[in-house]
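>>> I would like the atomic coordinates for the input below:
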Amino acid sequence: MKKIFLVVLIALVSSVTLTACVETDTTTTTMDLTTRNTIYDLIDQEYASLALQFPTQIDSDTILPEPSSSAFSVKYSVEGVILENQVLSFVKLAYDKTIVLSIELSYQGLYNQYEYEILQIRDEELYSIEQTNQIFDLSFSEVIDAIPYQIYSDFTLPSIDIDGVEVEYQSDDILIYRNRLVFPFPEEMEIVYVNVDVTYNRETRSTTIPVRLSSFDQLPRIPEIHITTTGQAEIDSNDLYTDGTLDLIEFDSMLNPTMTLDAKDMGIRLRGNSTLYMPKKSYKIKFDSKTAMFSDYKEKDWVLLANFADQTLIRTYLAFDFASELQMEFSPSTVFVDLYINDVYQGNYMLTDQVEVTNDRVDVEEHSTELDTGYLLEWDAKIYDTSIDHSDENYFFIYGIPFVIKSPDWEDPEYSIDQLYFIEDYMLTVYLTLRDGL
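Residues are numbered from 1 along each chain as shown. Predicted coordinates for the structure are as follows:
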């Protein structure tokens, strides 16, 4: 009985001792958490004090602040590199830069980490240099982008639309005339070099650009018209047609030819007034039957304009194209062609419509006795070339400007003198309106 009681007593004593130990550990843990939170609060307070001393921007080396007490320890770093002697070094750059400062603040074995952004101010000298570099880089880039990999004709070298920038071109390999490369039509593909001088802020920098010149046989080809006159006869009249045939050849993107018209019967004569005396003549073509020429309609009469007085060759084209864009009732068609007569190259011509009254051209009413009907007028200064009294044209004048009535013809049985008076009065109203802005 005594042995049993002793065992129970030992068990009870052990139980009390174990409980006391457990309670003691719980109390210690609760105190540690409270202390840790207090320490972290003190670290945050110290950081807030330090942050008030941090610069928002720097333009020189800067010493970062020490903690308020030696009990605190601080480490500063930028991009993982610890700052020596707490000096934030200023690095000269062309642009402002945001520095992310990392701060590790410790106290009584605990620490916390923070980040703070500081603006590093640009160096004005470097900034000016960089701005200049950018302008030169942009200028050269614009020039290089504007010059194609390969050219097939004369090419206007680009100007630079940047304030204060001037660009000049020179070459020992190819003629440059008024900033225009003069294409020399080489027999084989050729590479030439163009020197580019860009000047800005009294400084000039240069570069060299290679330019590929297409060989003559690889140049894009426009349609060709080959006219062969009967017996190789000369075309020397602006009234009488010279008989002959016409071939029309078109080329695809691979320069493969297609014969669109083959030996089409036609007549050809000179065309124009003052242009009759120019070295390169204009012509009028009259087919024996209605024929389509790059059109979805067929007509007998077509015109080949030489454009000799226009060095650009495109002014008439632009006028006709502008009329088309304005959706005018009629604007002549236009196609550039290379013209050969009796196997002799004549040059670049513009094939276009004969201006006449037809359903597919000037589509106005004909053969009417009404006054308010269709009229086709021509401003024709050649009236003055001969005696006006002996002219066979049906004409009238508006303040000295000669107008010829091309349709209706004054030999038409429906035509009357009252129609002449009507259209003359109409044109006078148009003239006065334009002149006086009424």
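>>> Only C-alpha atoms from now on, for both contacts and neighbour counts.
Noted.
>>> which SSE is Y95 in?
With elements taken from DSSP states H and E, nothing contains Y95; it lies in neither a helix nor a strand.
>>> any idea which element the nearest residue to it once chain neighbours are set aside lies in?
Among residues not flanking Y95 along the chain, R122 sits closest, at 4.6 Å (CA to CA, 6 or more residues apart in numbering). Using DSSP H and E, R122 is not contained in any helix or strand.
>>> R122 touches K92, doesn't it?
Yes - under the contact definition of CA atoms under 8 Å, R122 touches K92, with a separation of 6.7 Å.
>>> what is V167 paired to in the beta sheet?
Using DSSP bridges, the beta-bridge partners of V167 come out as V198.
>>> give the contact list for it.
Taking CA atoms under 8 Å, 6 or more residues apart in numbering as the definition of contact, the neighbours of V167 are 159-160, 196-199.
>>> now the spatially closest residue to D363 that is not a sequence neighbour: how far from F403?
Among residues not flanking D363 along the chain, V357 sits closest, at 5.8 Å (CA to CA, 6+ apart). Using CA to CA, to the nearest Å, we find V357 at a distance of 17 Å from F403.
>>> Kindly report the same for T229.
Distance of T229 to F403, computed by CA to CA: 35 Å.
>>> now swap in L33 and tell me
When distance is defined by CA to CA, L33 is 109 Å away from F403.
>>> Can you pick out the residue with more neighbours from those two?
With other CA atoms under 10 Å as the criterion, L33 and F403 differ in neighbour count, and F403 comes out ahead with 20 against 11.
>>> Now do the buried residues in the helix or strand hosting that one.
F403 is part of strand 401-407 when elements are defined by DSSP H and E. Along strand 401-407, the positions that meet the burial threshold by neighbour count (16 or more other CA atoms under 10 Å) are 402-407.
>>> Just give me how far it sits from the chain centre.
The chain centroid and the centroid of strand 401-407 are separated by 44 Å under CA atoms, centre = their mean, to the nearest Å.
>>> got the angle for whatever helix or strand comes next after that strand vs strand 401-407?
The C-terminal neighbour of strand 401-407 among helices and strands, as given by DSSP H and E, is helix 417-436. Compare the direction of helix 417-436 with that of strand 401-407 by axes from the mean of the first three to the mean of the last three CA atoms, to 10 degrees and you get 140 degrees.
>>> Just confirm L101 contacts V78, I think it does.
Yes - here L101 reaches V78: they are 5.3 Å apart, a contact under CA under 8 Å.
>>> neighbour count winner among those two?
Remark: of L101 and V78, L101 carries more neighbours, 18 against 14, as counted by other CA under 10 Å.
>>> Nearest residue to the residue nearest to the spatial centre of the chain in space, please, no chain neighbours.
With distances taken as CA atoms, centre = their mean, A146 lies nearest the centre of the chain, 9.2 Å away. Using CA to CA, 6+ apart and skipping the chain neighbours, the partner closest in space to A146 is P158 (6.4 Å).
>>> quick one: that neighbour from E142, how far?
Counting by CA to CA - P158 and E142 are separated by 8 Å.
>>> Please apply the same query to V364.
Between V364 and E142 the distance is 51 Å, computed by CA to CA.
>>> Q218 now?
Q218 is 28 Å from E142, where distance means CA to CA.
>>> Kindly report the same for Y277.
From Y277 across to E142, the span is 45 Å (CA to CA).
>>> shaky segments in the stretch 301-438 of the chain?
Within the stretch 301-438 of the chain, the set of residues satisfying pLDDT under 70 comprises 385-391, 438.
>>> what are the ranges of the strands in it?
Assignment of strands within the stretch 301-438 of the chain using DSSP state E, counting those that start in this stretch yields the ranges 334-341, 344-353, 376-379, 395-398, 401-407.
>>> neighbours of L88, just the number please.
The burial count for L88: 20, using other CA under 10 Å.
>>> Kindly state the pLDDT recorded for it?
According to the model's per-residue confidence, L88 sits at a pLDDT of 97.
>>> what does V7 give?
V7 is assigned 34 on the pLDDT scale.
>>> Same question for the one 3 residues further on.
Model confidence at I10, given as pLDDT, is 31.
>>> With H226 instead?
H226 carries a pLDDT score of 98 in this model.
>>> do the same with the one 5 residues further on
G231 carries a pLDDT value of 97.
>>> any idea how far it lies from T245?
Applying CA to CA, one obtains 11 Å for the distance of G231 from T245.
>>> Which one's more surrounded, the two?
Under the neighbour definition other CA under 10 Å, G231 and T245 were set side by side, and T245 has more, 18 against 9.
>>> Tabulate the CA atom coordinates of the lengthiest strand in the chain in PDB.
Ranked by residue count, the top strand of the chain under DSSP state E comes out as strand 257-271. Coordinates of the C-alpha atoms in strand 257-271 are reproduced here as PDB (Å, rounded to 0.1, in the frame of the first residue of the first chain):
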ATOM      1  CA  PRO A 257       6.200  42.300-124.300                       C
ATOM      2  CA  THR A 258       2.600  41.900-125.500                       C
ATOM      3  CA  MET A 259       1.500  43.100-129.000                       C
ATOM      4  CA  THR A 260      -1.800  44.800-128.200                       C
ATOM      5  CA  LEU A 261      -2.300  46.200-131.700                       C
ATOM      6  CA  ASP A 262      -0.600  44.700-134.700                       C
ATOM      7  CA  ALA A 263      -0.300  46.600-138.000                       C
ATOM      8  CA  LYS A 264      -3.500  48.600-137.400                       C
ATOM      9  CA  ASP A 265      -4.300  50.700-140.500                       C
ATOM     10  CA  MET A 266      -4.300  54.400-139.700                       C
ATOM     11  CA  GLY A 267      -3.400  57.900-140.900                       C
ATOM     12  CA  ILE A 268      -1.200  60.400-139.100                       C
ATOM     13  CA  ARG A 269      -0.600  64.100-139.400                       C
ATOM     14  CA  LEU A 270       1.100  67.000-137.500                       C
ATOM     15  CA  ARG A 271      -0.900  68.600-134.800                       C
END
